[in-house]
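Enquirer: what's the 3D shape of this:
(chains A and B)
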Amino acid sequence: MKGRRALLLDPRVRFATLVGPGALFIVLFLLIPLLSIVVFSFWRTESYELISDWNVNNYEAVLGEWIYLKFLLKSLAMAAAVSAICLVYAWPCAYLIAKHGGRYKLVLVLLTAAPFLTGILLRITAMQQILGPIGLVNMALMELGAQPIQVLMYTNIASAVGLIYLWIPFMLLAIYLSLFNFNFELLEVAKVNGARPWRAFFEVTWPLNWMGTAIGIVLVFIPTFAASVTPRFLGGPDGSMFVNRLEHQFGSAGTWALGSAMGVVMCVASLAVIFVLWRTVRLRRAGFTGAGA
Amino acid sequence: MSDQAILRIEAVEKRFGAVRAVDGVSLEVGRREFFALLGPSGSGKTTLLRIVSGLEAPDRGRVEIGGTDVTRLPPYLRRIGMVFQDFLLFPHRTVAENITFPLKMQGRNAAEREEQLDWILGFVRMEGLGDRFPHQLSGGQKQRVALARGLVSRPELLLLDEPLANLDRELRKEMEIEVRRYQEELGIPFVYVTHNQEEALTMSDRMAVMHQGVLEQIGPKLEVYNAPATRFVASFVGAPNKLSGRVIEGEGERLRIDWGGITLIGRSVGDARQGDRAEIYLKSERIALSASADGIHHENRIEGTVRDIIFKGQFADYIVRADNEAELVVSGPPSIAGVDRGSRVNLGWAVEAADVFLAADDEP
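Expert: Got it, this is the predicted structure:
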């Protein structure tokens, strides 16, 4: 009995017991699949079969052939545009809620996340009802005697609108949480010291909330870059993105090696975006007091 | 005084809902003056200061700074400095950047900012700390930076909102002397809001006492301390004994009061008349205490027994029970010949030391 208790009190045993299950899960279901993708990307596929014949042809194809590169650039541009629009839209909303929301702050923030209470397909269907050829927007235009907009549904613009609608709560929440911890009195200090409202915003509010904003950008950029369902349902014939091409490699095309290389390229591109954003966050300049001397 | 005034507040009113935070306040602050605004929390003194700064707009009244009506001017056009209770330094900026912020907003060039920075860092004794971030500073250093930021552009007026309230006692004593030095050397008028009468009395030239949105008294600090104009001022400033009694007779300034069987003479301040219940406020340091009756030469003389002596270092509080069983606190030197616990002692005080007001619940 005494021996067992001693064993349980041993810090190494306690550490292993606490960390073990989580670590095992990560190794089994995250690291091993990820590593296998990296390995496959240097192999080749023949008649739906992976052959361990080490080469870099897949990468040459993904980064060298326009048919693949085009989709990579398009997806990156889409992710950048969607992030930018979410940013411009979410900032004032989050600011108003954080500053003037009073006791309704939490309710207002939860309301912005209300669409998440439904599934992704339902949300896309809702977008179709709004943007479709006889959807709300065009019906309203026709009621008012205007011409319906033909390009609204099943275009890349519809995809973008759908993605913005989908991811804006993430941006809003990240900025809101940052502003929630922001001391608005600092703005009064800036004003008393001669800063006009916009100057005070860019001198004080923006830099002190840039870390939260950068997190919001990552939270929108990465899933938009990886979005496949939304462009497939809303994007129409030209809506295909890099991810849709990637899926194709694992589906009917059966070129797993090429698909794996595309996956690795996506992963690296995403990490690069995170890295670039991280470099812009200087902890001591973010008002982060835990950064040490 | 009127031509000299740098700040003029006229009949300013501000309500928050049903609460009259500031209720018709008028005052003037002169050039080179250290003006303290003393009041308990919730008295409206901070609201008044925020109205002067432009952070709050008054419902009624006028604010003039340097002869210009600034009532409707936003804070960034008022050319004032302000120091806050929580320091409120910009956490993402170094000490140097914090201090030069007002100069940057005024569009001064880098060379000029550098020059002013060197001067003010030396002035507030913070040389060599310009590159630190606020979280690397002690409380006293933070407040010096906040003061430097308020003073660096040599504003027409510096507003201070309880700037020392968050510092511990030792540091506060040191900073009181520092703040007073800043004001004297720069000659910039200071409006200093505090609930701490010691700070107000130590530093200011003139002071105002505020209570429930109204200015109770305004004047040179010794006058406010020694001759309180209202019952609130008498009870709030100093640590006075409060004696309850009834007016026996009186004409003009002198009233004879029956204090539980002992007859006293006091200075009439309110409008207590014959037969009214009265409150006498008597500051503990204005009571003379002696073991022998020969030591007392005042008009009011009573006898009592020392119940306790509370030693406070440079002085002591003697708790004396008078023969009518009421207790008085007398401040005196830490030891008095022949006075100990249980000693019979003689107390005395001048008529002017005893301010007589109509008792609170007898007021119309």
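Enquirer: Which strand or helix spans residue B:11?
Expert: Per DSSP states H and E, residue B:11 falls inside strand B:5-16.
Enquirer: Show me what counts as buried in that strand.
Expert: For strand B:5-16, a neighbour-count test (16 or more other Cβ atoms under 10 Å in any protein chain shown) marks B:5-10, B:12-14 as buried. For every residue, glycine as well, the C-beta is placed using N, CA and C.
Enquirer: Closest one of these to chain A?
Expert: Nearest to chain A among these: residue B:7, at 15.0 Å, using Cβ to the nearest Cβ.
Enquirer: And that closest one, what's its pLDDT?
Expert: Note for residue B:7: predicted pLDDT of 94.
Enquirer: give the contact list for it.
Expert: Neighbouring residues of residue B:7 by Cβ atoms under 8 Å, 6 or more residues apart in numbering or on different chains: B:27-29, B:52, B:63-65, B:157, B:189, B:191.
Enquirer: Could you report the pLDDT at residue 64?
Expert: Because you didn't say which chain, this covers chain A. Taking residue A:64 on its own, its pLDDT is 86.
Enquirer: actually chain B
Expert: In this prediction, residue B:64 carries a pLDDT score of 94.
Enquirer: measure residue B:217 to residue B:234 for me?
Expert: Applying Cβ to Cβ, to the nearest Å, the value for residue B:217 to residue B:234 is 10 Å.
Enquirer: Specify which residue of those two has the higher count of neighbours.
Expert: Ranked by neighbour count (other Cβ atoms under 10 Å in any protein chain shown), residue B:217 and residue B:234 place residue B:234 first, with 25 against 21.
Enquirer: Show me what counts as buried in stretch B:33-50.
Expert: Quick answer for stretch B:33-50 (16+ other Cβ under 10 Å): B:33-39, B:43-50.
Enquirer: And that stretch, end to end?
Expert: 19 Å (Cα to Cα, to the nearest Å).
Enquirer: Give the rounded mean pLDDT of that stretch.
Expert: Stretch B:33-50 comes out with an average pLDDT of 93.
Enquirer: Just confirm yes or no for it near chain A.
Expert: No: Stretch B:33-50 lies apart from chain A when judged by Cβ under 8 Å from any Cβ of the partner chain; the minimum separation is 8.6 Å.
Enquirer: returning to what we had before: among the buried residues of stretch B:33-50, which are in helices?
Expert: In this view, the buried residues of stretch B:33-50 that belong to helices under DSSP state H are B:45-50.
Enquirer: Now tabulate the contacts of residue B:7 in a markdown table and tack on distance to chain A, neighbour count and secondary structure.
Expert: Converted to a markdown table, those look like this (distance: Cβ to the nearest Cβ, whole Å; neighbours: other Cβ atoms under 10 Å in any protein chain shown; DSSP: H, G, I helix; E, B strand; the rest coil):
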| residue | distance to chain A | neighbour count | secondary structure |
| --- | --- | --- | --- |
| B:27 | 20 | 19 | strand |
| B:28 | 22 | 18 | strand |
| B:29 | 17 | 25 | strand |
| B:52 | 10 | 26 | helix |
| B:63 | 14 | 23 | strand |
| B:64 | 18 | 16 | strand |
| B:65 | 13 | 25 | strand |
| B:157 | 11 | 22 | coil |
| B:189 | 16 | 25 | coil |
| B:191 | 13 | 28 | strand |
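Enquirer: What residues does chain B have near chain A?
Expert: Taking Cβ under 8 Å from any Cβ, the part of chain B that reaches chain A is made up of B:53-55, B:74-76, B:78-82, B:84, B:86, B:88, B:90-92, B:101-102, B:105-106, B:133, B:135-136, B:149, B:153.
Enquirer: returning to what we had before: which member of the buried residues of stretch B:33-50 is positioned nearest chain A?
Expert: residue B:50 (8.6 Å).
Enquirer: okay, now the closest residue to that closest one other than its chain neighbours: neighbour count?
Expert: Of all residues not flanking residue B:50 in the chain, residue B:56 sits nearest, at 4.0 Å (Cβ to Cβ, 6 or more residues apart in numbering or on different chains). Residue B:56 has 18 neighbouring residues, counting by other Cβ under 10 Å.
Enquirer: May I have the phi/psi pair for residue B:56?
Expert: Here is the backbone geometry of residue B:56 (degrees, to the nearest 10): phi -130, psi 140.
Enquirer: List the contacts of it.
Expert: Residue B:56 makes contacts with B:14, B:47, B:50, as judged by Cβ under 8 Å, 6+ apart.
Enquirer: three-state assignment of residue B:278?
Expert: Under the three-state scheme (DSSP: H, G, I helix; E, B strand; the rest coil), residue B:278 adopts strand.
Enquirer: Check whether it really touches residue B:250, as I assumed.
Expert: No: using Cβ atoms under 8 Å, residue B:278 makes no contact with residue B:250, being 9.4 Å away.
Enquirer: ok, back up a step: next, format the contacts of residue B:7 as JSON lines and append distance to residue A:21.
Expert: Shown next, in JSON lines, are those (distance: Cβ to Cβ, whole Å):
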{"residue": "B:27", "distance to residue A:21": "70"}
{"residue": "B:28", "distance to residue A:21": "74"}
{"residue": "B:29", "distance to residue A:21": "69"}
{"residue": "B:52", "distance to residue A:21": "62"}
{"residue": "B:63", "distance to residue A:21": "66"}
{"residue": "B:64", "distance to residue A:21": "71"}
{"residue": "B:65", "distance to residue A:21": "67"}
{"residue": "B:157", "distance to residue A:21": "65"}
{"residue": "B:189", "distance to residue A:21": "68"}
{"residue": "B:191", "distance to residue A:21": "63"}
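Enquirer: quick check, nearest of those residues to residue B:348?
Expert: Nearest to residue B:348 out of the contacts of residue B:7 is residue B:27 (Cβ to Cβ; 37.5 Å).
Enquirer: mind checking how far the closest one is from residue A:193?
Expert: Counting by Cβ to Cβ, the gap from residue B:27 to residue A:193 is 25 Å.
Enquirer: Same check on residue B:232?
Expert: Between residue B:232 and residue A:193 the computed distance is 35 Å (Cβ to Cβ).
Enquirer: of those two, who's got more company?
Expert: The residue with more neighbours, out of residue B:232 and residue A:193, is residue A:193; 27 against 21, by other Cβ under 10 Å.
Enquirer: so what's the more buried one closest to, chain neighbours aside?
Expert: Nearest to residue A:193 is residue B:102, by Cβ to Cβ, 6+ apart, at 4.2 Å.
Enquirer: Near that neighbour, how many other residues are there?
Expert: Neighbour tally, residue B:102, other Cβ under 10 Å: 27.
Enquirer: and it, what pLDDT?
Expert: For residue B:102, the model assigns a pLDDT of 96.
Enquirer: Would you list the phi and psi of it?
Expert: Dihedral pair for residue B:102: phi -60, psi -40, per degrees, to the nearest 10.
Enquirer: Same question for residue A:42.
Expert: phi -100, psi 10.
Enquirer: separation between the residue lying closest to it once chain neighbours are set aside and residue A:257?
Expert: With sequence-adjacent residues excluded and distances taken as Cβ to Cβ, 6+ apart, residue A:42 is closest to residue A:54, at 5.3 Å. The spacing between residue A:54 and residue A:257, counted by Cβ to Cβ, is 11 Å.
Enquirer: Now do the shared contacts for those two.
Expert: A:42-43.
Enquirer: Show me which of these two is the more surrounded one.
Expert: More crowded of residue A:54 and residue A:257, by other Cβ under 10 Å: residue A:257, with 24 against 8.
Enquirer: Contact partners for the more buried one?
Expert: Going by Cβ under 8 Å, 6+ apart, residue A:257 touches A:40-45, A:50, A:58.
Enquirer: Longest helix in the chain, please.
Expert: In the absence of a named chain, chain A is used. For chain A, the helix with the greatest residue count under DSSP H is helix A:66-100.
Enquirer: nope, chain B please
Expert: helix B:169-186.
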